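A.B. asks: Sequence first, predicted model second:
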Amino acid sequence: MRKHIISLFCLIIPIVGFSQQSGKKIVGHEELVSWNKIRNTGISENGKWVHYRLVADEGDPTLVIVNTGTKAEKRFPRVKKAGISFDGETLIFLTTPYQDSIKNLKRKKTKKDDLPKDTLYIHNLAAGTSRTIANVSSFEVPEKWNGAILYQPDWELPKKDSTSKVKLPKENDDNGKRMVIRNLQSGREDTLWYVTDHAIAKSAAQIAFATSGKGEKLAKGVYTYDVEVMSAEPVFRHAGDHKQLSIHDAGEKIAFLADLDTTKGHIPTWELMVVSGREGDTARSALADMTFAPDGWVVNEHKQPAFSEDGSKLFFGTFPKPMEEDTTLLPEEIPGVEVWHYQDPLLYTQQKVRAKDEKKRSYLALYDLSSGAARQLGTATMPEVELSEEKDAEVGAGYSPLPYLQEISWSANRRNDIFAVSIADGSSRQVATGVNGRPRLSPAAKYMYWYNRDDSSWYAYSFLNDKVNKLSDPQTIAAYDEQNDRPMIAGSYGDAGWTENDEAFLIYDRYDIWKLDPEGNSEAINFTKGRANKLTYRLIDLDTEEEAIPAKGKLLLHRKDHHDMAEAYVNMDWKSGRLSTLIEGDETFSSRVYKAQDADELVYTRQSFRKFPNLLLSRRVPPDYIDIGHQRLVDPPSVTLFTPVRDMSSLTLMYLTEMDIRVKVRTML
């Protein structure tokens, strides 16, 4: 150990001498932890505003909002969360107290409830004015509608209601907490009392919430709230418990779970409740009985129901009814014997870790809102069922790892039997055995596809033809990770996605993008041909809401040159396959590009050893450029949105690790 220390000092002395002679500043811990990083980048739907946070390892973060038209920016200190309203007119964020102040108060043993609270800011972007609300713990911004926000106050309630003089119960998880709905135009607020659960519609100004009814503000039950008129209507007022609220995107349908038995000491029996419409107490029990499920199975209280996008289907969970504990036994009378067997599917230690999750394991079931029929989809022998993104498809991808669990004890493989599942009648049929991978559904649900590590190949199962097609072969396409150096079978490089109507499937190898025929009738097509020149191409997804890749116009690609690590943005013409370079250089360009949903503004970064990873803004300018829907051209020249405050050209970085006393030196040239 002494020899290592002597060697260490011998190494440090020349470094220090070099830095002193060159006049460069030695950077220590204080400088390291104060360097800002760009985090939480976002762009408004209309493309007028870009926001991001500057975050250091130590110190208070700063929110920056930039007008993409004027390039004017505004900064807000100590911001931990921010969002922009759907119309792009309002910036909402939470500011925290100074970190140093909080630390000092904690050192003085100040109680948690007495520490300073966060403050909510509602900033009008056009006027540049802000309204503040002190003592707020959280807020929510609706995804696809305007006019209101929700926030949760963090100030203590008085002991009694000022109007009725009724004693107000304490806010907690059991009693519920206040939720305030604020109209952004008028500033009017409405408080919902003792809310235990809530759900916000994606595209309609509707909210569903459950209240415990404490404090006599609202009767216990489930309500809908129309934000436009700022009024609540009951849909189910009943004693018992209500939870796992779900609301359809359009706000017309609500689902939740209800336990109507108010007796204590029993295992709850949860019912699936459905609400159609917004008038009066309209909730009804969806299930007349549980005959569609195996004997002894009940509705799973741990699974939130979910509507299909068209609102015709409601998916929920079932599981075997939990065993009721014997409450007459004393703690010392409860046996603590642990039983295991060497032929158990999982090691006992794994069983113990998974025990809590296994008790909550949910098996997918379906309630058809049009026919009123329920069907069990997941089973004890096929516990996993994957649905399409919109949950509208009539098929699902089922799989089961159960026959291969014991193999996990000595292997990194995760094998599955794969099943085609009919959503229409709940039936399933096995289509593959022992696949070292997991299946997924294509966007149009014509195919179920997977990558099998065992033979390094991609497969697709056709629901129409009831046939498994092998789409790639390692002799032709090296889809496996060529640089894998772990003691396990190499995984794939992933896929770029499917084109519209599931016409083609795009996958990656180390360098290129390949087009595969899901029916296996046509040969694979190499779109990019980068392997010969060691150029890696990857598709950039500019619209995360679109499942399919538009098979027309141009697609935006990221390119990396493995000779000098230079990167570029490239357009690929889908019809001709021609590649055209948009921006290139001896710099690194981010593979993540942020695009405004309703405008052509894009935000990305470029960096080098000498250049900080600034945020850059580009626009699609040529009016005659091919319009390809949500995939747009990155059009240089770009505008710099953020420049580092700290000049890094004269810094020599040196730090020592405490454990192994290694020395790392980096010179910022």
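C.D. replies: Now that the structure is in, tell me what you want to look at.

A.B. asks: where exactly do the strands run in the stretch 501-650 of the chain?
C.D. replies: For the stretch 501-650 of the chain, strands defined by DSSP state E, counting those that start in this stretch occupy the ranges 505-508, 513-516, 525-526, 535-539, 554-561, 567-573, 579-585, 588-589, 594-595, 602-607, 614-618, 639-640.

A.B. asks: again with the stretch 151-300 of the chain
C.D. replies: 177-183, 189-200, 206-211, 221-226, 231-237, 241-247, 253-259, 271-276, 284-285, 297-299.

A.B. asks: Output those in a markdown table, with mean pLDDT, distance to Arg559 and mean neighbour count appended to each entry.
C.D. replies: Glycine gets a C-beta too; all of them are placed from N, C-alpha and C. Below are the strands of the stretch 151-300 of the chain laid out as a markdown table (pLDDT from 0 to 100; distance: least, Cβ to Cβ, whole Å; neighbours: other Cβ atoms under 10 Å):
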| stretch | mean pLDDT | distance to Arg559 | mean neighbour count |
| --- | --- | --- | --- |
| strand 177-183 | 95 | 47 | 19 |
| strand 189-200 | 95 | 40 | 19 |
| strand 206-211 | 95 | 45 | 26 |
| strand 221-226 | 94 | 50 | 22 |
| strand 231-237 | 91 | 54 | 17 |
| strand 241-247 | 95 | 43 | 21 |
| strand 253-259 | 95 | 46 | 24 |
| strand 271-276 | 92 | 51 | 20 |
| strand 284-285 | 89 | 57 | 12 |
| strand 297-299 | 96 | 51 | 20 |
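
A.B. asks: Can you lay out those strands as a markdown table showing distance to Ile84?
C.D. replies: What follows is the strands of the stretch 151-300 of the chain, written out as a markdown table (distance: least, Cβ to Cβ, whole Å):
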| stretch | distance to Ile84 |
| --- | --- |
| strand 177-183 | 16 |
| strand 189-200 | 16 |
| strand 206-211 | 20 |
| strand 221-226 | 23 |
| strand 231-237 | 27 |
| strand 241-247 | 22 |
| strand 253-259 | 27 |
| strand 271-276 | 31 |
| strand 284-285 | 39 |
| strand 297-299 | 38 |
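
A.B. asks: quick one, which of those strands is nearest to Asp509?
C.D. replies: With Cβ to Cβ as the criterion, Asp509 lies closest to strand 241-247 of the strands of the stretch 151-300 of the chain, at 40.9 Å.

A.B. asks: check contacts around the most centrally placed residue in the chain.
C.D. replies: Geometric centre of the chain, nearest residue: Thr544, 11.4 Å, by Cα atoms, centre = their mean. Applying Cβ atoms under 8 Å, 6 or more residues apart in numbering to Thr544 gives no contacts.

A.B. asks: separation between it and Arg592?
C.D. replies: Computed as Cβ to Cβ, to the nearest Å, the Thr544 to Arg592 distance reads 11 Å.

A.B. asks: again, but for Leu245
C.D. replies: Relative to Arg592, Leu245 is positioned 33 Å away (criterion: Cβ to Cβ).

A.B. asks: can you check Leu115 too?
C.D. replies: With Cβ to Cβ as the criterion, Leu115 and Arg592 are 36 Å apart.

A.B. asks: May I have the phi/psi pair for the residue lying closest to Asp87 once chain neighbours are set aside?
C.D. replies: The shortest distance from Asp87 to any residue that is not its chain neighbour, by Cβ to Cβ, 6 or more residues apart in numbering, is 4.5 Å, and that residue is Asn146. Phi and psi for Asn146, reported as degrees, to the nearest 10, are phi -110, psi 170.

A.B. asks: Asn146 reaches Ser85, doesn't it?
C.D. replies: Yes - counting by Cβ atoms under 8 Å, Ser85 is a contact partner of Asn146 at 5.7 Å.

A.B. asks: Mind listing the shared neighbours of those two?
C.D. replies: Common neighbours of Asn146 and Ser85 (criterion: Cβ under 8 Å, 6+ apart): Leu184.

A.B. asks: The two - which one has more neighbours?
C.D. replies: The residue with more neighbours, out of Asn146 and Ser85, is Ser85; 21 against 16, by other Cβ atoms under 10 Å.

A.B. asks: Provide the backbone phi and psi angles at the more buried one.
C.D. replies: phi -60, psi 160.

A.B. asks: Surely it touches Val141?
C.D. replies: Yes - in this structure, Ser85 is within contact of Val141 by Cβ under 8 Å, at 6.1 Å.

A.B. asks: Which residues are in contact with each of those two?
C.D. replies: Residues touching both Ser85 and Val141 (Cβ under 8 Å, 6+ apart) are 92, 149.

A.B. asks: List the residues that contact the residue nearest to Asp87.
C.D. replies: Asn146 makes contact with 85-87, 89, 184, according to Cβ under 8 Å, 6+ apart.
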